[in-house]
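Chemist: sequence unknown, structure follows:
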């Protein structure tokens with residue numbers, strides 16, 4: 001029996017290294033006390049006679065008061081498991097055959113025979129069918145080999161029932177009864193009798209792989225490498241807002257489901273991460289910022305947050321400094337009141353042209369020269385002032401002479417005198433782009449060149465509006 005003891009020790013080692021026996025944990029280990037019914041029942045006896053001994057433990061059962069069996073089993077799927085059981089016992093009660101059918105069985109002590117058995121079983125669990133978490137009834141079939149004393153040994157075909165009460169997911173109390181049928185002749189002294197063997201003890205399941213130690217097996221853990229919650233199949237909820245990190249747009253800040261896990265401090269329906277104005281309610285179109293004047297410009301970017309204005313002017317209304325109803329941005333004369341038709345500039349009236357030409361007629365040049373006589377400068381100043389009243393208007397300075405002298409000389413003189421007036425005005429601040437000059441010589445008289453007065457009228461400078 002030394003070899004059998006070695007086998008039992010091997011089973012112990014297997015059991016100590018085994019893992020749990022379910023869809024996550026494929027292994028289980030059970031150990032405890034076994035009892036062997038001392039029955040040596042006649043083959044002619046009825047089956048119910050054989051099982052009648054089951055309820056008379058004091059009379060018929062042999063129990064070794066120590067750990068006397070070990071079972072190691074592995075789940076193979078679909079509620080089935082396969083296991084190997086090793087057991088030892090001492091046979092102090094042995095049932096002889098009846099002397100007469102009416103007499104009771106005779107129980108004798110065969111001399112403390114050693115009992116060893118190794119059995120393989122296939123077990124079916126009804127736990128899932130019942131939908132139970134703590135009660136596991138089962139049925140099993142199999143076969144084994146038994147040694148009794150020094151000489152008796154033989155194989156058996158086994159079948160039985162069992163039940164396990166699970167205290168926790170991994171620890172349970174198990175009971176099992178196995179009917180072991182022997183095909184040996186009853187006349188053979190070395191034969192193994194048909195008998196019952198009962199087992200009672202603890203069953204342990206050992207946790208399957210749980211790399212992140214979150215209590216959820218890797219097989220069922222959607223996030224096996226990071227500690228998580230059972231509610232989220234093992235995935236984490238770092239900010240504790242009830243939204244798992246993988247579905248949380250802000251996994252480190254507690255938020256709401258409506259905001260995909262992000263906070264909304266100002267309650268404007270825009271998550272803080274997308275809100276340019278986190279502490280004040282605003283509009284989605286303005287990235288969560290308010291617009292008090294409703295001009296489409298966020299208050300933080302609006303230089304006039306309480307008055308509507310265009311974006312081009314930083315949210316402020318365009319000014320109209322001269323009050324002519326033409327905004328400064330469109331007003332070519334923002335400081336001088338004008339008309340809309342003339343882009344905010346005053347329109348040159350016929351009266352203004354008359355005044356200009358009344359002054360122009362009094363411009364006096366030195367004889368045959370383009371230089372001004374001293375008394376002409378106040379006239380030029382007056383013309384300059386009038387032109388400044390119409391900053392958007394363009395003018396043409398035209399020079400004319402009388403008929404004295406040669407035509408070519410008179411043409412040149414008229415051109416020089418018109419240019420002299422233009423240059424003076426430019427020096428006094430009139431933009432050169434607004435002025436042009438031209439000489440016509442003696443070609444456009446307005447009076448007779450036969451009289452002194454007529455010639456004086458023909459020597460003139462005229463100012464005309466360029467339209």
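Modeler: Nice, I can see it. Source: prediction; values computed, not measured. Numbering: from 1, shown residues only.

Chemist: the nearest residue in space to residue 407 that is not next to it in sequence and residue 424, how far apart?
Modeler: Closest residue to residue 407 apart from its sequence neighbours, by C-beta to C-beta, 6 or more residues apart in numbering: residue 441 at 6.0 Å. The way it works is simple: take the backbone N, C-alpha and C, and place the C-beta from them, glycine included. To residue 424, residue 441 is 21 Å away according to C-beta to C-beta, to the nearest Å.

Chemist: ok, now residue 136?
Modeler: In terms of C-beta to C-beta, residue 136 sits 119 Å off from residue 424.

Chemist: try residue 143
Modeler: 133 Å.

Chemist: show me where the chain has its strands.
Modeler: Ranges of strands within the chain are 27-37, 61-63, 69-77, 80-91, 94-96, 106-108, 113-125, 135-148, 152-166, 171-182, 195-205, 394-400, 435-439, 460-466, based on DSSP state E.

Chemist: where does the protein have low pLDDT?
Modeler: Along the chain, the model assigns pLDDT under 70 to residues 1-24, 39-55, 95-108, 110, 185-190, 207.

Chemist: scan this structure for its longest helix.
Modeler: helix 407-427 (DSSP state H).

Chemist: how far off centre is that helix?
Modeler: 81 Å (C-alpha atoms, centre = their mean, to the nearest Å).

Chemist: quick one: buried residues of that helix?
Modeler: For helix 407-427, the neighbour count (16 or more other C-beta atoms under 10 Å) marks 410-411, 413-422, 424-425 as buried.

Chemist: out of these, which is nearest to residue 161?
Modeler: residue 425 (125.7 Å; C-beta to C-beta).

Chemist: any figure for the gap between the nearest residue to residue 210 once chain neighbours are set aside and residue 231?
Modeler: Distances taken as C-beta to C-beta, 6+ apart place residue 217 nearest to residue 210, at 5.6 Å, with adjacent residues excluded. Using C-beta to C-beta, one obtains 16 Å as the distance from residue 217 to residue 231.

Chemist: of those two, who's got more company?
Modeler: Neighbours per residue (other C-beta atoms under 10 Å) separate residue 217 from residue 231, with residue 217 holding more: 19 against 10.

Chemist: isn't the more buried one up against residue 211?
Modeler: No: shown here, residue 217 and residue 211 do not form a contact pair, counting by C-beta atoms under 8 Å, at 9.8 Å.

Chemist: return the residues in contact with residue 121.
Modeler: By C-beta atoms under 8 Å, 6 or more residues apart in numbering, residue 121 lies in contact with 73, 82, 83, 84, 85, 140, 141, 142, 158, 178.

Chemist: nearest spatial neighbour of the residue nearest the centre of the chain, skipping sequence neighbours?
Modeler: Per C-alpha atoms, centre = their mean, the C-alpha nearest to the average position across the chain is that of residue 249, at 3.3 Å. Spatial nearest neighbour of residue 249, excluding adjacent residues (C-beta to C-beta, 6+ apart): residue 260 at 4.2 Å.

Chemist: tell me who's in contact with the one you found.
Modeler: 243, 247, 248, 249, 250, 271.

Chemist: how about those residues, which pair is most distant?
Modeler: Using C-beta to C-beta, the two most remote members of the contacts of residue 260 are 247 and 271, lying 14.1 Å apart.

Chemist: picking that back up, wait, the residue nearest to residue 407 touches residue 410, no?
Modeler: Yes: between residue 441 and residue 410 there is a contact at 4.1 Å, judged by C-beta under 8 Å.

Chemist: common neighbours of these two, please.
Modeler: With C-beta under 8 Å, 6+ apart as the test, residue 441 and residue 410 both reach residue 401.

Chemist: could you chop the protein up by domain?
Modeler: Domain assignment for the chain by automatic domain parsing gives 2-205, 350-466.

Chemist: can you add distance to residue 320 and give these back as JSON lines?
Modeler: Below are those laid out as JSON lines (distance: least, C-beta to C-beta, whole Å):
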{"stretch": "domain 2-205", "distance to residue 320": "81"}
{"stretch": "domain 350-466", "distance to residue 320": "16"}
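
Chemist: please name whichever of the ones you listed is nearest to residue 321.
Modeler: Residue 321 sits nearest to domain 350-466 of all these, at 13.7 Å, using C-beta to C-beta.

Chemist: isn't residue 280 up against residue 266?
Modeler: Yes: Residue 280 is in contact with residue 266 according to C-beta under 8 Å; the separation is 5.6 Å.

Chemist: those two: which is more packed in?
Modeler: For residue 280 versus residue 266, neighbours defined as other C-beta under 10 Å are more numerous around residue 266 (17 against 14).

Chemist: got a list of what that one touches?
Modeler: 275, 277, 278, 279, 280, 281, 282, 288.

Chemist: for the buried ones among those residues, write the corresponding PyMOL selection.
Modeler: Buried residues within these, by 16+ other C-beta under 10 Å, are selected in PyMOL with:
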select buried, resi 275+277+278+281+282+288
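
Chemist: tell me the one of the contacts of residue 266 nearest residue 78?
Modeler: Scanning those for proximity to residue 78, where the rule is C-beta to C-beta, the winner is residue 275, at 54.8 Å.

Chemist: mind checking the end-to-end distance for stretch 381-397?
Modeler: In stretch 381-397, first residue to last residue: 15 Å (C-alpha to C-alpha, to the nearest Å).

Chemist: pull the residues that contact it.
Modeler: Contact with stretch 381-397 is made by 332-333, 336, 338, 342-343, 345-348, 352, 355-356, 359-360, 418-419, 421-422, 424-425, 428-430, 433-438, 461-466, as judged by C-beta under 8 Å, 6+ apart.

Chemist: mind checking which of those are buried?
Modeler: Buried, going by 16+ other C-beta under 10 Å: 333, 336, 338, 342, 345-346, 348, 352, 356, 359-360, 418-419, 421-422, 424-425, 430, 434-437, 461-465, out of the contacts of stretch 381-397.

Chemist: surely residue 202 and residue 33 touch.
Modeler: No: using C-beta under 8 Å, residue 202 makes no contact with residue 33, being 10.5 Å away.

Chemist: OK, contacts around residue 425?
Modeler: 380, 383, 384, 387, 397, 435.

Chemist: adding distance to residue 198, write those out as CSV.
Modeler: Listed next are the contacts of residue 425 as CSV, based on distance: C-beta to C-beta, whole Å:
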residue, distance to residue 198
380, 137
383, 135
384, 131
387, 129
397, 135
435, 129
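
Chemist: from these, list just the buried residues.
Modeler: By 16+ other C-beta under 10 Å, these give 380, 383, 384, 387, 397, 435 as buried.

Chemist: tell me which two of the residues you listed sit farthest apart.
Modeler: The most distant members of the buried ones among the contacts of residue 425, if one measures by C-beta to C-beta, are 380 and 435, lying 13.1 Å apart.
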